[in-house]
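In: Quick one, structure for this:
(chains A and B)
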Amino acid sequence: MATATVARPGRVSFSLDPALLIPLVGAGVLVYLAVLPLLMLLVGSFQAEVAPREFIYTLKNYQAAYASEYTYSTFMNSLIFASGAAILSFSLGTVLAWLTERTNTPLRRIFVPLAVVPLILPGVLESIAWIFLLSPKFGYVNVWLMNLLGLESPPFNVFSLPGMIWVHAVGQVPLAFLLMVAAFKSMDPSLEESAMMSGANTLQTFRRVTLKLLLPTAGSVLLILFVRTLESFEAPALIGIPARIYVYTSEIYLAFNDYPPDYGRGGALAVGLLLLSAVGVWLYTRATKEGKKFQTVTGKAFRPRQFELGALRWVGFGFLTSYFLFVVLLPFLVLFWASFLPFFATPSWDAVSKLSLDNYRYLHGFRPFWDAMQNSIILATLTATVAMMLTSLVAWIVYKSRLPGAWILDFLAFVPITIPGIVMGMSLILLYVAFPIPIYGTIWVLLIAYVTRYIPYGMRSASGSIMQIHSELEEAASASGASWWETFKRVTLPLLRPGLVAGWIYIFIVSFREFSTSVLLATGDSRVLSILLFNMFEQGQVTVVAAIGILMIATLLTIVAIFYKFTGRVGIQS
Amino acid sequence: MALLKRFSSLYFAVLFLGLIGFRPASGETLDEIHQKAVKEGGTLNFYGTLAQVNAEKILPVFEKRFPGIKINHVDATSDKLVARAVTEARGGKTLGDVLQIPLENVVQAHDQGLLLDTNLPESSDYPVGLKGSFWVASDLQYFIAAWNTNQVKKEEEPKTYDDFLNPRWKGRLIAEPRDLEMLLAFAKYRFKSDEKAIEFWKKIAAQNVEFHKGHSQLAELLVAGQAAACLTCYSHHYPSRIKKGAPVNYMLSEGVASINGTAIFKGAPHPNTALLFARWIGSLEGQKVMAQGGRNPAHPKVEPVEKTRTAKTYFITASDLKEFPKYDKIWKEIFKLR
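Out: Got it, this is the predicted structure:
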């Protein structure tokens, strides 16, 4: 018996099977990208500088971060900001989704793509546009309303907590909308039908059945919106800091950027924000998993029924139209208008006479703009490509390889979703400023940051498509003598293409508009468009900023359209 | 005889110049440094607060004057730039070559051991208050009051800072939260009394001043009509805006002047390029370019192109810097700032 278990000496070797090597390399890459910076952050949060470049370990940073006179106000501001924006974007997104998906509101189909349009408006521009509209003294909406209603004081002040909530929430509505559309689509209508048949009217059915069915999904959507608001830095930077309303992200930013920089306190705050966001994400995944348990997945093909709104459908139509005009279109319009002004001015005949192409002409010869444009395009393209390549490989290993421990890869690829952008920026500075590889201050550190941040998004679209591919196709390939790599390249990858294209476009868009990580990492030559916008806005060139914004949106739309058209043709048509 | 005299003086002149090698006492000519700078890689990492509107008129002139050198302008507010340099030093790196920011921030960077002690030949042109062992003034900025002409009638235009105590300015003023220079200069040079200066700014605080960071943004807010007047704006921000037709005007009767300084990083990655830039920007030639670029040159022989100097000026000198923390604290208390 004993002899049978002893391997022959000749077969003992340390050469690794490539099928095992690849997962190991994948895990190594993920640890390097996602875990190492966090370790650096954690270490930094316990360090204090006693003399220039001399460090000791201490808990004082946590005391400074969480037991100062500002701890309470920062906590409350963050809480109100995140819950306010989550509730507002959820409510708007849900009403939009319900009206367009489940009712007979006129022209509702047109509003589906329109509701997603704000995705292309970078958060920095969203904030700037609303500052133009809702500034207390010169904001267009305020000026109009004061003239129209003869008011003494401006009705709105964007430089306030409600202002921050509004600006962030409207930028986040598309996400809420998409999540809720998915929820409405997958809802089994038989319960609603039973209610109707038992004599309930539209409102009663909506309140007692639809709403209750949606409750678990609503909870998880609210949670993810809450976490995303907590992590955001656009409105806190452009509106919060001038208004002296500080939330966690702005406190971290200021700890890092004020003199003397306080990495310890910044690190301690970052660790706290990271934990908060991790708990949120954990609750979210738990909630969505629980939700699935109670789903009644049947083979019965169903199509959610439509609510007949009667005359009320015109109210719905009115809501959709005014939402589109005032919330989606107005920010674009104000940026467009401002981009032709020599300096910011309220609309008047005098202002009309001053309109010119000067800002665009100026940009034509303005080198930092072209450098930033080039950086943004290169980075977004590379990020989308690298992230999709990496995640399709990881997703394949996780879902197809049946290797023990593949779940670890899945987990590692999920970790970055809990890392707020500003925390990522801070961790990478701490890591790469001391790292032997000289990439700090270049666009390569931004590439690493973006790829890491968007791995979870890539995983989502890659794993979605991979799970749909039956393994018999791959088995057929390997039975015909194809190697592992050949199978992946010639069978799996082409089948994955539509999912990968969708993921690529999404990551391209979010990388192109990225702000909260770049704000700490991008400098001088490595500056990207969102940071140029921010710097120039701080320097007061607001109308040039508007022109950059318009060109940025135009570039984004053009590239996405080209890519979509190109890959749409070569992609596999099902 | 006369001829001989002329020849002998020429002889002595030639002999003298020969002995010192046609060079200024402490170094090479700019063109010689230029050669070395190009060999270093041809990049200058310039950490400077110079706003884009000025930078685009100044930095390309340098690049054109010294072919083969490209400026990588890392621009941010001064505290962010110092914070960045400190962060880099913490990681054992020096990425910046030249630092050009307000003097108090230059001193902060020096306190952190980041700057090179260097005596540039060009600094001999500057009076004592405009140079130090590790810096030389690049330009001056004048803190002045400005107003929006749509909101302020001709007869209400302020003539001096005292006019802002009038109740009609209540709730109509903006300022920069970090401008403690105003308090310091008023205490030391306008009132020559801390008590009087504190009393004055407390009265101003009672007018409900609104604070916004960044002087360029203050100017833009004023143009847009966010406030009727700005108490701590920079004079050099106004001529160009007024030319474009912006509804603003500014007060040159009195103001506070502070220094922007140029310094070289210790262990700069491109030491010769850094030296070249620091010397050029301090030279008569560089200072003229600064003036053309819309700044207020520090060189005693160069006048600003636009009207940006005040009639009565309270100068913040290098020796005032050590009192910044004291006045910073009082300033924040007066206006309840963080």
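In: Where do the domain boundaries of chain A fall?
Out: A:18-41+A:349-574, A:72-291+A:312-337 (automatic domain parsing).
In: is it possible to export those domains to TSV including mean pLDDT?
Out: Output for those, formatted as TSV (pLDDT from 0 to 100):
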stretch	mean pLDDT
domain A:18-41+A:349-574	86
domain A:72-291+A:312-337	89
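In: Mind checking those domains for the one nearest to chain B?
Out: domain A:18-41+A:349-574 (2.9 Å; C-beta to the nearest C-beta). Every residue, glycine included, has its C-beta placed from N, CA and C.
In: what about the closest one, distance to the chain center?
Out: 12 Å (C-alpha atoms, centre = their mean, to the nearest Å).
In: repeat for stretch A:191-204
Out: 38 Å.
In: JSON lines please, covering the domains of chain A and showing distance to B:Ala274 and mean neighbour count.
Out: Formatted as JSON lines, the domains of chain A follow (distance: least, C-beta to C-beta, whole Å; neighbours: other C-beta atoms under 10 Å in any protein chain shown):
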{"stretch": "domain A:18-41+A:349-574", "distance to B:Ala274": "15", "mean neighbour count": "19"}
{"stretch": "domain A:72-291+A:312-337", "distance to B:Ala274": "22", "mean neighbour count": "19"}
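In: Would you reformat those as a markdown table and include distance to chain B?
Out: Formatted as a markdown table, the domains of chain A follow (distance: least, C-beta to the nearest C-beta, whole Å):
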| stretch | distance to chain B |
| --- | --- |
| domain A:18-41+A:349-574 | 3 |
| domain A:72-291+A:312-337 | 4 |
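In: list the contacts for A:Pro55?
Out: To be clear, residue A:55 is Phe; Pro isn't right here. A:Gln47, A:Ala48, A:Glu49 (C-beta atoms under 8 Å, 6 or more residues apart in numbering or on different chains).
In: Quick one: which of the residues you listed has the lowest pLDDT value?
Out: Scanning the contacts of A:Phe55 for pLDDT, the low point is A:Glu49. It has 79.
In: Quick one: residues contacting the closest residue to A:Val315 other than its chain neighbours.
Out: Using C-beta to C-beta, 6 or more residues apart in numbering or on different chains and skipping the chain neighbours, the partner closest in space to A:Val315 is A:Leu309 (7.7 Å). Residues near A:Leu309 by C-beta under 8 Å, 6+ apart: A:Thr103, A:Asn104, A:Thr105, A:Thr202, A:Val315, A:Gly316.
In: and the residues you listed, which of them are in helices?
Out: Judged by DSSP state H, those include A:Thr202, A:Val315, A:Gly316 as members of helices.
In: circling back to that earlier point, if I look at the residue nearest to A:Val315, how far off is chain B?
Out: For A:Leu309, the distance to chain B equals 43 Å [C-beta to the nearest C-beta, to the nearest Å].
In: Next, work out how far apart that residue and A:Ala434 are.
Out: 62 Å (C-beta to C-beta, to the nearest Å).
In: Repeat that for B:Leu81.
Out: B:Leu81 is 20 Å from A:Ala434, by C-beta to C-beta.
In: Quick check: residues of the stretch 51-200 of chain B near chain A?
Out: B:51-53, B:56, B:72-77, B:79-80, B:82-84, B:86-93, B:95, B:105, B:108, B:112-113 (C-beta under 8 Å from any C-beta of the partner chain).
In: Produce a PyMOL select command limited to the buried residues of those residues.
Out: In PyMOL syntax, the buried subset of those is picked out as below (16 or more other C-beta atoms under 10 Å in any protein chain shown):
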select buried, chain B and resi 51+52+53+56+72+73+74+75+76+77+79+80+82+83+84+86+87+88+89+90+91+93+95+105+108+112
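In: Mind jotting down where the helices sit in chain B?
Out: Under DSSP H, chain B gives helices at B:2-20, B:30-39, B:52-65, B:78-90, B:103-111, B:180-185, B:194-205, B:215-224, B:238-243, B:271-282, B:284-292, B:324-335.
In: Cool, thanks, signing off.
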